[in-house]
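output the structure for:
(one chain, ligands or ions: 1)
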Amino acid sequence: MSPDLPTARTTGGSATSGGSAISGEAGISGGPATSGQTGASGGSATSGGSAASGATGISGEAGAPVVPAAAGAVAASGIAAEFIGVTQRFGDFTAVDAIDLRIPEGKLTTLLGPSGCGKTTSLRMLAGYAQPTAGTIRIHGVDSTTLPPEKRGLGMVFQSYALFPHLTVAENVAYGLKLRRMGKAEMKQRVTETLELVGLAHLHASKPKKLSGGQQQRVALARAIAIRPRLLLLDEPLSNLDARLRVQMRTELRRIQAETGLTVVLVTHDQDEALEMSDLMVLMRGGRIMQTGSPREVFARPANRFVADFLGYENFLTDASKTFVTVRPEHLSVGSRSAGAALSLDATVVSTAFRGVDLLVTLDAVDGAGQAVRLLADVRAGDGAGLTPGTRTTVSAGAAHLVPLQDSGKDF
Ligand SMILES: Nc1ncnc2c1ncn2[C@@H]1O[C@H](COP(=O)(O)OP(=O)(O)OP(=O)(O)O)[C@@H](O)[C@H]1O
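So this is what the prediction gives:
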């Protein structure tokens, strides 16, 4: 089955279709409040209004294009959306600080960073739920900075993905299509196709409460993509799932994105999730973008200490050439000074932690700038005999494993 989403015309473009409220806002796309008590009418509480207007919003009719005419030409540029100097202030506080970002068409982009770094605020501005204090947001080449959510051609899924409890799975998925007054036969086919895509066709007649968390999340996803959005926004959609399901759903989401060619923007604070799922990773801190790149690029060459630390690098120090570098624990050798090592320091073992195959060794040393540094080395357990606390030894690493960082780490 090939739903052909990216090229399909969007049939109404309600930003809310399928998404529950952002950060606890009342309405949904059609979805009830999280508690589920409000049902269909509850869906119109806040953004349900958007959803409804989405039905008549840009296209007015099912099947009519939601995106302005310029979009086709601009889509060819490969940029689905663009932030240009976008700032969001709340009083004196700057939540998003003049960010520039291009969201590639047909790819999965993650906004990654610690709590409060501005991810959700950025997504809300992209969705149209918040107006930037300054800057421009372009969607498919069109200045959409002040465009209401329902006119942006978006699908959304959020952490609280509340489904309508009184509707079946198929009816939940059909909800946004009904709002767009899609014809019955087309709607039935669209719902079947979309449920097949998320692997839930067999549960079409079930009520949400009979489903597992992962299945419910897939229904929410199906509801969002059934309208064939030009941009799918996901705000921590997996964070309510248990660890095992979360990992499964990452793979599922990735498969669905790849099969449909949808442009997806995913907000997460989980670096593993971002590394595994992204085409493009955008690392944020304090309302700014710290680094943008493919997971491999960012992981191999973190730009600064913040990014390196966030991605699990452990050792930060100045080497012999006075460059501030980081090196992963598994790349630090202990004891045997490797010939030609770019980093070589006398060190004292502080403690060791046996982990079966390997041994984590904590050491104190003085780096190339004369600063005391605490280092973590991950060595094979068999090589760690004799590394008792207080042992004087050496640590070393080859040039290939030293990752230079732009900053000195002092502002960290
Ligand atoms: N309406 C608001 N009024 C005042 N401050 C706000 C408002 N919305 C967000 N903020 C603040 O802006 C900053 C960024 O918030 P945002 O929700 O974008 O962060 P986030 O990166 O998504 O974090 P999390 O992962 O915790 O959701 C936070 O410090 C937050 O407290």
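
what's the burial count for the closest residue to the ligand within the stretch 151-300 of the chain?
The minimum distance from the stretch 151-300 of the chain to the ligand, using CB to the nearest ligand atom, falls at residue 269 (4.8 Å). For glycine as for every other residue, the C-beta is placed from the backbone atoms N, C-alpha and C. When neighbours are defined as other CB atoms under 10 Å, residue 269 has 18 of them.

OK, contacts around it?
112, 113, 114, 115, 119, 236 (CB atoms under 8 Å, 6 or more residues apart in numbering).

just those that are near the ligand?
Restricting the contacts of residue 269 to those near the ligand by CB under 6 Å from any ligand atom leaves 113, 115, 119.

so how many other residues sit close to the first one?
Spelled out, it's residue 113. There are 27 residues near residue 113, going by other CB under 10 Å.

nearest residue to it in space, please, no chain neighbours.
In this structure, residue 113 finds its nearest non-sequential neighbour in residue 284, 3.7 Å apart by CB to CB, 6 or more residues apart in numbering.

and if you look at residue 204?
residue 170 (4.1 Å).

you'd agree the one you found is in a helix?
Yes - using DSSP: H, G, I helix; E, B strand; the rest coil, the assignment for residue 170 is a helix.

against residue 275, how distant is it?
35 Å (CB to CB, to the nearest Å).

out of those two, which sits in the more crowded spot?
residue 170 (22 against 18).

contacts only, for the more buried one.
Counted by CB under 8 Å, 6+ apart, residue 170 has contacts 191, 195, 204, 205.

give me the pLDDT for it.
Residue 170 carries a pLDDT value of 97.

for the ligand, what are the nearby residues on this structure?
Residues of the chain lying near the ligand (CB under 6 Å from any ligand atom): 90, 93, 95, 113, 115, 116, 117, 118, 119, 120, 121, 269.

now do the helices in this structure.
For the chain, helices defined by DSSP state H occupy the ranges 39-42, 48-56, 70-75, 119-127, 169-179, 184-197, 213-226, 243-260, 271-277, 295-300, 305-310.

now these in a markdown table, with distance to residue 363?
As requested, those are arranged in a markdown table below (distance: least, CB to CB, whole Å):
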| stretch | distance to residue 363 |
| --- | --- |
| helix 39-42 | 59 |
| helix 48-56 | 57 |
| helix 70-75 | 54 |
| helix 119-127 | 36 |
| helix 169-179 | 56 |
| helix 184-197 | 51 |
| helix 213-226 | 43 |
| helix 243-260 | 32 |
| helix 271-277 | 25 |
| helix 295-300 | 24 |
| helix 305-310 | 19 |
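
what's the closest of those to residue 330?
helix 295-300 (13.6 Å; CB to CB).

what's that closest one packed up against?
helix 271-277, strand 280-285 (3 or more CB pairs under 8 Å, 6 or more residues apart in numbering; DSSP states H and E).

for these, which one sits closest to residue 151?
Using CB to CB, the nearest of the helices and strands packed on helix 295-300 to residue 151 is strand 280-285, at 24.8 Å.

contacts for the closest one, please.
99, 101, 103-104, 107-114, 117-119, 122, 274-275, 289-295, 298, 306-307, 310.

quick check: angle from that strand to helix 119-127?
120 degrees (axes from the mean of the first three to the mean of the last three CA atoms, to 10 degrees).

grab the nearest non-local neighbour of residue 348.
Per CB to CB, 6+ apart, closest to residue 348 is residue 364, 5.0 Å.

re earlier: minimum distance to residue 386: which of the helices of the chain has it?
helix 305-310 (30.6 Å).

who touches that closest one?
112-114, 271, 283, 285, 290-291, 298, 302, 316, 324, 326, 403, 405, 407, 409, 412.

list only buried entries from these.
Of the members of the contacts of helix 305-310, the ones counted as buried by neighbours, 16 or more other CB atoms under 10 Å, are 112-113, 271, 283, 285, 290-291, 298, 302, 316, 324, 326, 403, 405, 409.

any idea what residue 404 is bridged to?
residue 325 (DSSP bridges).

list the contacts of it.
323, 324, 325.

just these now: which is nearest the ligand?
Among the contacts of residue 404, and counting by CB to the nearest ligand atom, the member closest to the ligand is residue 324, at 26.5 Å.

so that closest one makes contact with residue 407?
Yes - with contact defined as CB atoms under 8 Å, residue 324 reaches residue 407; the gap is 7.0 Å.

quick one: low-confidence parts of the chain?
Applying pLDDT under 70 to the chain picks out residues 1-76, 161, 337-339, 408-412.

run a quick neighbour tally on the residue nearest to residue 113.
28.

got it, and residue 156?
35.
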